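Asks: coords please:
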Amino acid sequence: MANLPGLLLVDDDPLIGESLAFVLKDSFSVDLVATRDEVKRLLYGRAILPQLALVDLGLPPSPHSPNEGFALIPELLNFNPSIKILILSGQDTQENVRHALTLGAVDFIPKPCDMELLKARLKHQMMILDAERHKPQAEQKECGQIGNSVVMETLRNQIQQFANSPFSVLIEGESGSGKELVAQCLHTQSQRSKAPCLIVNCAAFSSELLEAQLFGHTKGAFTSAITARSGFFEEATKGSLILDEIGEMPLQLQSKLLRVLENGEYYRLGETKVRKSQARIIASTNRNLRAEVIKGQFRNDLYHRLSVLTIQVPTLSEREEDKLLLLQHFQQFYSEMGTLFRLDEEAKESWQAYDFPGNIRELRNIVIRLGAKYPNQLIKKIQLEKELESNLTHKSVDDNNSEESIIHQLNDGDFSLDKMLLDWEHRYINAALKISDENLSQAARILGINRTTLYSKMQRLSKNNLS
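Replies: Numbering: from 1, shown residues only. Modelled structure (predicted):
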């Protein structure tokens, strides 16, 4: 039983959850939970994280809305970037399916589902995980950076320039754009490449656990500290320490990180002995840290200390020339899983025109899905576009709301100002949630309202069937 792969099952219906756990227990080590909070409590205490997650979209406190399930997807990826998230939900509208896949889910299975089909889909994802583990690493020279676009050439040059610098580096970019790969490239192309390279996700731990992970702790320093242990600063020795999603680090910990950056000094939790770190810090974030400094959410002195050298990772929409190259790369990478297919000319044009709001992570997942659905087939535009999330471009907004368009709408005789305002509110809230990876507090800051107001608006939109 101990050798079975881990499966996190998230469903608030006890009958469904327990039935699924019973059916899958012979193939997986199943953890059944009902809410996002229960997921966090479970994963915080785990040294070995589950490899798969099967998630219902409708979870408490809003079981009739998909928002809790959407918010859980990026949170699970923060805990474990390699986890394969499958959605099992009755809220299977085309919009929900596309949005879940864009956020990073790899599959969407409508309820009720055939048990044999569910087992086959889970087995397929385990095969993909196994292929990823055993795939040879890309050559160090290129560091796995795929692309011939101008922005990618600039990125590669920056990595080369900064690799051997002793100063910290701040990597900025959207979720799914490849920040972790850039951080690893900075290490592997440096003189520290033979020393450890450790990664800590600052969004995956509570404040106390994150401090213990970074600095270590003595026995009895907190409730679950049954033995003393070293932290990542100590274990990294003269290597690199990658602090992923540094913008999520609690303010009280930021001052301790600043001390390490200034003179290398830190203390284990519960200890008075000064220790020294020689690790190089590489930090990454999908937040605008300058804006966070202005809002008082991030220390100004820490920001300036971290951003001595800064790398901006381009979005996939900025890399027009690379989209087909990345398609070919992931097809070859997963070739043993049967992902070889071809796009006809119209489908290729749609592929090139699509913005990929989920960036490389979304592109990779689309390749896997297309390969699973259409192995060795020629894919047409209509088949491809079923896998893509619709784009709300500035152009379409302007076209629909020009003075001429507005006059036409009013003359139609079927116009409702209340409905129009609700629709615009819905669009902006959805856009803010997408930018913030479904983080309500961050989305509220983007919209210039408080979190309670945002939640109330979402509840109202939900009642009007607009969420």
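
Asks: Please count neighbours and contacts with C-alpha atoms only from this point.
Replies: Fine.

Asks: How are the strands of the protein distributed by residue range?
Replies: 6-10, 29-33, 52-55, 84-89, 107-110, 169-172, 197-201, 240-244, 265-267, 274-276, 280-285, 309-312, 342-343, 378-379 (DSSP state E).

Asks: Which of those sits closest to Leu370?
Replies: strand 378-379 (8.4 Å; C-alpha to C-alpha).

Asks: Sheet-wise, list the partners of that closest one with their directions.
Replies: With DSSP bridges as the test, strand 378-379 is paired with strand 342-343 (parallel).

Asks: Figure out how far the partner strand is from the centre of its chain.
Replies: Here strand 342-343 is found 28 Å from its chain centre; the criterion is C-alpha atoms, centre = their mean, to the nearest Å.

Asks: export the strands of the chain to JSON lines and tack on mean neighbour count and distance to Leu422?
Replies: Formatted as JSON lines, the strands of the chain follow (neighbours: other C-alpha atoms under 10 Å; distance: least, C-alpha to C-alpha, whole Å):
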{"stretch": "strand 6-10", "mean neighbour count": "23", "distance to Leu422": "31"}
{"stretch": "strand 29-33", "mean neighbour count": "19", "distance to Leu422": "34"}
{"stretch": "strand 52-55", "mean neighbour count": "24", "distance to Leu422": "29"}
{"stretch": "strand 84-89", "mean neighbour count": "25", "distance to Leu422": "26"}
{"stretch": "strand 107-110", "mean neighbour count": "19", "distance to Leu422": "28"}
{"stretch": "strand 169-172", "mean neighbour count": "24", "distance to Leu422": "33"}
{"stretch": "strand 197-201", "mean neighbour count": "19", "distance to Leu422": "37"}
{"stretch": "strand 240-244", "mean neighbour count": "26", "distance to Leu422": "37"}
{"stretch": "strand 265-267", "mean neighbour count": "19", "distance to Leu422": "51"}
{"stretch": "strand 274-276", "mean neighbour count": "13", "distance to Leu422": "56"}
{"stretch": "strand 280-285", "mean neighbour count": "25", "distance to Leu422": "32"}
{"stretch": "strand 309-312", "mean neighbour count": "17", "distance to Leu422": "35"}
{"stretch": "strand 342-343", "mean neighbour count": "18", "distance to Leu422": "38"}
{"stretch": "strand 378-379", "mean neighbour count": "16", "distance to Leu422": "37"}
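
Asks: Present the ones you listed as a markdown table; the columns should include mean pLDDT and distance to Leu388.
Replies: As requested, these are exported to a markdown table (pLDDT from 0 to 100; distance: least, C-alpha to C-alpha, whole Å):
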| stretch | mean pLDDT | distance to Leu388 |
| --- | --- | --- |
| strand 6-10 | 96 | 25 |
| strand 29-33 | 95 | 30 |
| strand 52-55 | 96 | 21 |
| strand 84-89 | 95 | 17 |
| strand 107-110 | 93 | 13 |
| strand 169-172 | 96 | 25 |
| strand 197-201 | 94 | 29 |
| strand 240-244 | 96 | 28 |
| strand 265-267 | 93 | 47 |
| strand 274-276 | 94 | 49 |
| strand 280-285 | 96 | 26 |
| strand 309-312 | 95 | 26 |
| strand 342-343 | 92 | 14 |
| strand 378-379 | 94 | 14 |
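
Asks: Take those strands and write them to JSON lines, including distance to Leu447.
Replies: Shown next, in JSON lines, are the strands of the chain (distance: least, C-alpha to C-alpha, whole Å):
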{"stretch": "strand 6-10", "distance to Leu447": "30"}
{"stretch": "strand 29-33", "distance to Leu447": "32"}
{"stretch": "strand 52-55", "distance to Leu447": "28"}
{"stretch": "strand 84-89", "distance to Leu447": "28"}
{"stretch": "strand 107-110", "distance to Leu447": "30"}
{"stretch": "strand 169-172", "distance to Leu447": "21"}
{"stretch": "strand 197-201", "distance to Leu447": "26"}
{"stretch": "strand 240-244", "distance to Leu447": "25"}
{"stretch": "strand 265-267", "distance to Leu447": "38"}
{"stretch": "strand 274-276", "distance to Leu447": "42"}
{"stretch": "strand 280-285", "distance to Leu447": "20"}
{"stretch": "strand 309-312", "distance to Leu447": "24"}
{"stretch": "strand 342-343", "distance to Leu447": "39"}
{"stretch": "strand 378-379", "distance to Leu447": "39"}
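
Asks: right, and those strands - which one's nearest Pro66?
Replies: From these, taking C-alpha to C-alpha, the stretch that ends up closest is strand 84-89, at 9.1 Å.
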